[in-house]
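In: quick one, fold the following:
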Amino acid sequence: MSNIASTRPTLAESLWPGADTRMKGVALAVIGSLALWASAKLQVPFYPVPMTMQTFVVLVIGMAFGWRLGAATVLLYLAEGAMGLPVFANTPERGIGLAYMMGPTGGYLLGFVAGAAAVGRLGRLGWDRHIASTLAAMVLGTAIIFGFGTLWLGSLIGWDKPVLDLALWPFLPAAVFKIALAALLLPLVWRRLGRR
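Out: The predicted structure is shown next:
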C-alpha cells in the first residue's frame, strides 16, 4: 500500500469540508497563529514552574491540520514574532522580534515547527483517532520540542551548566498534563464527529 493510499483526512478537513482549499488553509493558519499567540500569554500556576499552553496548542494544530499546514501555521506565528509583534510568552507590548528568538527559548520555537510537522504526519496516518496512538504522537512531538530546546540552550549557555535542570526537568509535570489532555481531546472530537 502506498503512502498516499494510507493517508486520511485531517481533523480540520473533516470539520470544515469543501470550500476553497487555499482560502481555507490561509484562514486556518491565521486562526492557528492567533491561538498560539493566546496560548503564549495564558500562564497557569504549575509546580515547579508556571506553564503556558503553547506546546499543547502547537501539537494539536499539527495533528489537526496535517504536517504541511501545521508547520506553516507555526512558521506564520514565528514570522509575526520576528516582525516584533508581542506574540511570545513574556514579551513586552511592542515585542522584541529576532532578539527574543535568538535567546534561551529559540530552540523551543524551532522545535515547535519540527514537532508540529512530525505529529501532523502522524495525524494524516490516523494516529489522532485513538487515545493510545494520540498519546504516543504527543509524547514524540513533546520530545522533539524539548530536544530542540535543550540542545539550543546547552549551546547558548554552555554544557558545563546544569542544562537539563534548566531546559527539561522543570517542564515535565506540565508536559504530562498537556499530553494527557491532547490524548483525550482529539479522539473525543473524532468520536463526536463520527456520530453526526
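
In: contacts, neighbours, all on C-alpha from now
Out: Will do.

In: can you give me the pLDDT of P170?
Out: Note on P170: pLDDT of 88.

In: got it, and the one 3 residues further on?
Out: On the pLDDT scale, P173 is placed at 89.

In: which helix is the longest one in the chain?
Out: Criterion DSSP state H: the longest helix present in the chain is helix 131-157.

In: which stretches in the chain count as strands?
Out: Per DSSP state E, the chain carries strands over the ranges 43-44, 51-52.

In: comparing those strands by mean pLDDT, which bottoms out?
Out: strand 43-44 (a mean of 74).

In: other SSEs contacting that one?
Out: Here strand 43-44 touches strand 51-52, going by 3 or more Cα pairs under 8 Å, 6 or more residues apart in numbering; DSSP states H and E.

In: adjacent strands (with direction) for the strand it packs on?
Out: Next to strand 51-52 in the sheet, as set by DSSP bridges, lie strand 43-44 (antiparallel).

In: please state the offset of the partner strand from the chain centre?
Out: 16 Å (Cα atoms, centre = their mean, to the nearest Å).

In: so which residues of the chain form helices?
Out: So, for the chain - with DSSP H - the helices run 3-6, 11-15, 21-41, 54-65, 67-82, 98-101, 106-124, 131-157, 163-167, 172-194.

In: stretch 156-172: which residues count as buried?
Out: V163, A167, P170, F171 (16 or more other Cα atoms under 10 Å).

In: kindly report the same for stretch 87-103.
Out: Residues V87, F88, A89, T91, G95, I96, G97, Y100, M101 are the ones in stretch 87-103 that count as buried (16+ other Cα under 10 Å).

In: with only the CA atoms kept, save it in CSV.
Out: Output in CSV follows, covering the C-alpha atoms of stretch 87-103 (Å, rounded to 0.1, in the frame of the first residue of the first chain):
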residue,chain,number,x,y,z
VAL,A,87,3.2,37.1,20.4
PHE,A,88,5.7,35.2,22.6
ALA,A,89,5.5,34.5,26.3
ASN,A,90,6.6,37.4,28.5
THR,A,91,7.3,39.7,25.6
PRO,A,92,6.7,43.4,26.1
GLU,A,93,3.8,45.2,24.4
ARG,A,94,5.9,46.1,21.3
GLY,A,95,7.7,42.8,21.1
ILE,A,96,11.4,42.4,20.6
GLY,A,97,11.5,40.3,17.4
LEU,A,98,14.5,38.4,16.4
ALA,A,99,16.4,39.2,19.7
TYR,A,100,13.9,37.2,21.6
MET,A,101,14.0,34.4,19.1
MET,A,102,17.8,34.1,19.4
GLY,A,103,17.6,34.0,23.2
